[in-house]
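Engineer: coords below, sequence missing:
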């Protein structure tokens, strides 16, 4: 009798552990991707709207959806974060599986409806740290985890951006950059958007890193939409993007 009770307890324990592990593991996807968008004060309202519209349109683009469907699981999970100065980060759209046009359309629709979060200084490091927190709480599982940082200026608020990057890389996360070049530097701080050596080099040296990491360049905010399409395709496919957006 005692042996039977012990066996029953053991079986119940195994069942509980298996169920708990299954719930904790979450659904498998090909990629966990945090879209981290700069909304600092150097991004004026017209630029902000172009940026939001670019993200919304890109996620629905047939070429991006084709790249998603080519993956092992034919789905990715993304969330959208806006960031500015220290302590100014917000999760706009929580983790969402993108596996077809309808899911992509719903995600993009949410982006277009939500108001702007901030217009403060530029803490790329704060944006990376916040994006890492989102990856750690993601309800899905993936072998690849990526932070997609878009911005038009250097880190001028918060802790050292290279330190934030290195800590993320140590946890197996890849950080890619989308640099938006400024046609007219800010008169009060020229080096913020146009640092010595250029903003692309600044991102390469201080922001991006990890296997296959890359920087895509949008020549201005008007070309942002094509740049983000190119970048999403490369991220989903796990292949480097070309330097400039040049899709047909």
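Structural biologist: Looks like it arrived, so ask away. If you're wondering where the values come from, they're calculated on a predicted model, not measured in any experiment.
Engineer: going forward, measure contacts and count neighbours with C-alpha atoms only.
Structural biologist: OK.
Engineer: Going by residue numbers, what spans are helices in this protein?
Structural biologist: Applying DSSP state H to the chain gives helices spanning 2-25, 45-60, 62-69, 101-113, 124-136, 161-170, 190-193, 199-206, 224-237.
Engineer: what's the spacing between the shortest one and its chain's center?
Structural biologist: This means helix 190-193. 24 Å (CA atoms, centre = their mean, to the nearest Å).
Engineer: So residue 237 sits against residue 71, correct?
Structural biologist: Yes - look at residue 237 against residue 71 with CA atoms under 8 Å: they come within range, at 7.5 Å.
Engineer: ok, these two, which is more surrounded?
Structural biologist: Applying other CA atoms under 10 Å to residue 237 and residue 71 shows that residue 237 carries more neighbours, namely 19 against 16.
Engineer: now the more buried one: how far from residue 40?
Structural biologist: Applying CA to CA, to the nearest Å, the value for residue 237 to residue 40 is 30 Å.
Engineer: Also residue 76?
Structural biologist: Counting by CA to CA - residue 76 and residue 40 are separated by 28 Å.
Engineer: and if you look at residue 159?
Structural biologist: Counting by CA to CA, the gap from residue 159 to residue 40 is 16 Å.
Engineer: okay, the two: which has more neighbours?
Structural biologist: With neighbours defined as other CA under 10 Å, residue 159 and residue 40 compare such that residue 40 has more, 23 against 14.
Engineer: List the buried residues of stretch 26-36.
Structural biologist: 28, 29, 30, 31, 32, 33, 34, 35, 36 (16 or more other CA atoms under 10 Å).
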